[in-house]
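**Student:** This is the structure alone, sequence omitted:
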């Protein structure tokens, strides 16, 4: 009897300890959930409040009109891609017109002048490009180039488009590639399918590509072209092709020009970004401007995704193979 009584006492103590520890664990877990939820809602409120900074519109006349009036024959380049050093003490080592070496460089205004190299010394050196690139860039050397330099190269060779020379809607094929050199976007384009949900219809979500709404104009045509891409897709894993699209408003505020390049076959079309706008997901709707425009859409803010960032550009030039 005494042994059975001792067992009952021991079991009672163990049960009390178990329930006591369980209660503490539940309280700690609940506190962590409350703290996490509070932190998320605090972040979401702050992120939504900051969305107003993404609304930017470039003032001034239409770039299409300016290019048509001026009939610019030189390649279209951004105004910010000036690679000359603005410091008065810095000197260029190579003359762009002659391709000959000038005086030795006076680096950073210091008194020490860098010695020049003879042609014999230069010829004696062997070049191994692989050593100058990170291993991650060997398969795609473009990824190692500074974005400003890449933008300067990609924007060469475009010719302004007269407004009357723009093709009507339906005249061109679907674009297959989109590039925004200044922010590092380079993606293939796919046509989004429409799913019949019974009482409604919905477009498929783009999976690691930029999706074009097929009912809208194709790139390069006289109409509004609409393209969608993920800012990020942490749950579905559908890529983040438009992750850098949020950099556009800041560049516009700083007075930088941002360009969008689309490829249709062998022809490239150049758009100049004119505005960025944020709308709530419930207010998101496709619209037609009546002009040759492009509209890029992604979800904002990060981890909330209940608004849409719309970056709009106007067609200014095209490039065809010679």
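**Tutor:** That came in fine, so what should we check first? Fair warning: this is a prediction, and the values are worked out from it, not measured in the lab.

**Student:** Just the mean pLDDT for stretch 161-169, thanks.
**Tutor:** For stretch 161-169, the mean pLDDT works out to 92.

**Student:** Summarise which helices and strands the helix or strand hosting residue 318 is packed against.
**Tutor:** Residue 318 belongs to strand 307-319 when assigned by DSSP states H and E. Packing partners of strand 307-319 (3 or more Cβ pairs under 8 Å, 6 or more residues apart in numbering; DSSP states H and E): helix 63-70, strand 159-160, strand 267-280, strand 293-300. Using the backbone N, CA and C atoms, a C-beta is placed for each residue, glycine as well.

**Student:** for the second one, packing partners?
**Tutor:** Same thing as strand 159-160. Partner elements for strand 159-160 (3+ Cβ pairs under 8 Å, 6+ apart): helix 63-70, strand 307-319.

**Student:** let's see it at 7 Å
**Tutor:** Under the contact definition 3 or more Cβ pairs under 7 Å, 6 or more residues apart in numbering; DSSP states H and E, strand 159-160 sits against strand 307-319.

**Student:** strands paired with the strand it packs on, and their directions?
**Tutor:** When sheet partners are counted by DSSP bridges, strand 307-319 sits next to strand 159-160 (antiparallel), strand 267-280 (antiparallel), strand 293-300 (antiparallel).

**Student:** Could you identify which of those strands is most buried?
**Tutor:** By mean neighbour count, with neighbours taken as mean count of other Cβ atoms under 10 Å, strand 293-300 ranks first of the strands paired with strand 307-319 at a mean of 23.

**Student:** Among the strands paired with strand 307-319, single out whichever gets nearest to residue 320.
**Tutor:** Nearest to residue 320, of all those, is strand 267-280, at 5.0 Å by Cβ to Cβ.

**Student:** Touching the closest one from outside, list them.
**Tutor:** Outside of strand 267-280, the residues within contact range by Cβ atoms under 7 Å, 6 or more residues apart in numbering are 51, 54-58, 63, 76, 158, 219-220, 248-249, 252, 257-262, 294, 300, 306-320.

**Student:** mind checking how far residue 219 is from residue 155?
**Tutor:** 16 Å (Cβ to Cβ, to the nearest Å).

**Student:** Compare those two (neighbour count), which wins?
**Tutor:** Between residue 219 and residue 155, counting by other Cβ atoms under 10 Å, residue 219 is the more crowded of the two (28 against 21).

**Student:** and that one, what does it touch?
**Tutor:** Counting by Cβ under 7 Å, 6+ apart, residue 219 has contacts 175, 225, 262, 264, 269, 294.

**Student:** For residue 306, see how far away the residue nearest to residue 52 when sequence neighbours are not counted is.
**Tutor:** Among residues not flanking residue 52 along the chain, residue 278 sits closest, at 7.6 Å (Cβ to Cβ, 6 or more residues apart in numbering). Going from residue 278 to residue 306 by Cβ to Cβ gives 11 Å.

**Student:** what comes up buried for stretch 190-197?
**Tutor:** Buried positions in stretch 190-197, judged by neighbour count with 16 or more other Cβ atoms under 10 Å: 190, 192.

**Student:** Show the end-to-end separation of that stretch, please.
**Tutor:** In stretch 190-197, first residue to last residue: 21 Å (Cα to Cα, to the nearest Å).

**Student:** which stretch among the strands paired with strand 307-319 comes nearest residue 171?
**Tutor:** Closest approach to residue 171 among the strands paired with strand 307-319 (Cβ to Cβ): strand 267-280, 12.1 Å.

**Student:** The contacts of residue 219: which two are farthest apart?
**Tutor:** Farthest-apart pair in the contacts of residue 219 is 264 and 294; separation 12.4 Å (Cβ to Cβ).

**Student:** after the top helix by length along the chain comes which helix or strand?
**Tutor:** Criterion DSSP state H: the longest helix present in the chain is helix 2-50. For helix 2-50, the following helix or strand on the C-terminal side (DSSP H and E) is strand 56-57.

**Student:** For that following strand, give me every contacting residue.
**Tutor:** If you take Cβ under 7 Å, 6+ apart as the criterion, strand 56-57 is touched by 249, 252, 253, 275, 276.

**Student:** how about the nearest residue to the last one, chain neighbours excluded?
**Tutor:** The one in question is residue 276. Spatially, and ignoring its direct neighbours in sequence, residue 276 is nearest to residue 249 (4.5 Å; Cβ to Cβ, 6+ apart).

**Student:** And the helix or strand in which that neighbour is found, what's buried?
**Tutor:** Per DSSP H and E: residue 249 is located in helix 247-253. Going by neighbour count (16+ other Cβ under 10 Å), the buried part of helix 247-253 is 247, 248, 249, 251, 252.

**Student:** next one: stretch 257-267
**Tutor:** If you call a residue buried by 16+ other Cβ under 10 Å, then stretch 257-267 has these buried ones: 257, 258, 259, 260, 261, 262, 263, 264, 267.

**Student:** And stretch 170-187, by the same measure?
**Tutor:** Buried residues in stretch 170-187, counted by 16+ other Cβ under 10 Å: 172, 175, 177, 178, 179, 180, 181, 182, 183, 185, 186, 187.
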